[in-house]
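Novice: Sequence and computational prediction follow.
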Amino acid sequence: MRIVAGTWRGRGLVAPSGLTTRPTSDRVRQVVFDMLWHAPWAGRAAVERARVLDGFAGTGAMGLEALSRGAAEAVFMERDRAALAVLRENISACRAEAVCQVLAVDALAPPAGAPCGLVFLDPPYSQGLAVRAALALALAGWLAPAALVVVETGRDETLELPGERLAERAHGAARMTFWRLGGMDAVSHLR
């Protein structure tokens, strides 16, 4: 596993052993960022200088990829101890400590926070956690108005969030769905 593009292109990332963390593959990350970079509903501005939230961060690959491509800062939420150790190791390998904040918390019960414009959610598959996490993050102040949210689910999972579904791509066992949530009014319908 490696950073696909940008300042840290080719930098190796480590993943914890075992089955508790399922890192997003290099290929899927490449597709996600290509879409963000070139889509009319996103563009380079969606990534460059963005404040990024990587919920259910695991290895931190999505947030680190965003930083490598020009994001200003990233917040990582992860509660698994083994994943936290690897996440910190990956941040250190990229020498990105100054632009990263690691929170040892569950994205389903986050502390209050400052809004992020680009949000990645990669919860465990088939548990319906993405919608619950989006609501919890919105209520805690983590989602900027019109935040762009990228959610990874299992290929066969359906996902209904308020706002506008911008795009969807399936790769292997994963499905990536891109949403523009549209602020608290839209998210309040998740309750």
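Specialist: That came in fine, so what should we check first? Residues are numbered from 1 along each chain as shown.

Novice: in the chain, which strand has the most residues?
Specialist: strand 143-154 (DSSP state E).

Novice: avg pLDDT for that one?
Specialist: For strand 143-154, mean pLDDT is 93.

Novice: Low-confidence stretches in the protein?
Specialist: The model of the chain has pLDDT under 70 over residues 18-21, 182-191.

Novice: Nearest to the spatial middle of it, which residue is it?
Specialist: In the chain, the centroid-proximal residue (Cα atoms, centre = their mean) is Phe120; its distance is 1.8 Å.

Novice: That one: what's its closest spatial neighbour, skipping adjacent residues?
Specialist: Of all residues not flanking Phe120 in the chain, Met62 sits nearest, at 4.1 Å (Cβ to Cβ, 6 or more residues apart in numbering). The way it works is simple: take the backbone N, C-alpha and C, and place the C-beta from them, glycine included.

Novice: ok so, going back, next, the residue nearest to the centre of the chain: secondary structure please.
Specialist: Classification of Phe120 by DSSP: H, G, I helix; E, B strand; the rest coil places it in strand.

Novice: Please tell me how far Pro124 sits from Leu13.
Specialist: Per Cβ to Cβ, to the nearest Å, Pro124 is found 20 Å from Leu13.

Novice: Have a look at those two and say which one is more surrounded.
Specialist: Neighbour comparison, Pro124 and Leu13: the larger count goes to Leu13, with 22 against 14 (by other Cβ atoms under 10 Å).

Novice: Give the full set of residues in contact with the residue nearest to Thr153 when sequence neighbours are not counted.
Specialist: In space, and not counting its chain neighbours, Thr153 is closest to Arg175: 5.2 Å by Cβ to Cβ, 6+ apart. Residues near Arg175 by Cβ atoms under 8 Å, 6 or more residues apart in numbering: Glu152, Thr153, Gly154, Arg155, Asp156, Glu157, Leu159, Glu168, Arg169.

Novice: Nice, that's everything, thank you.
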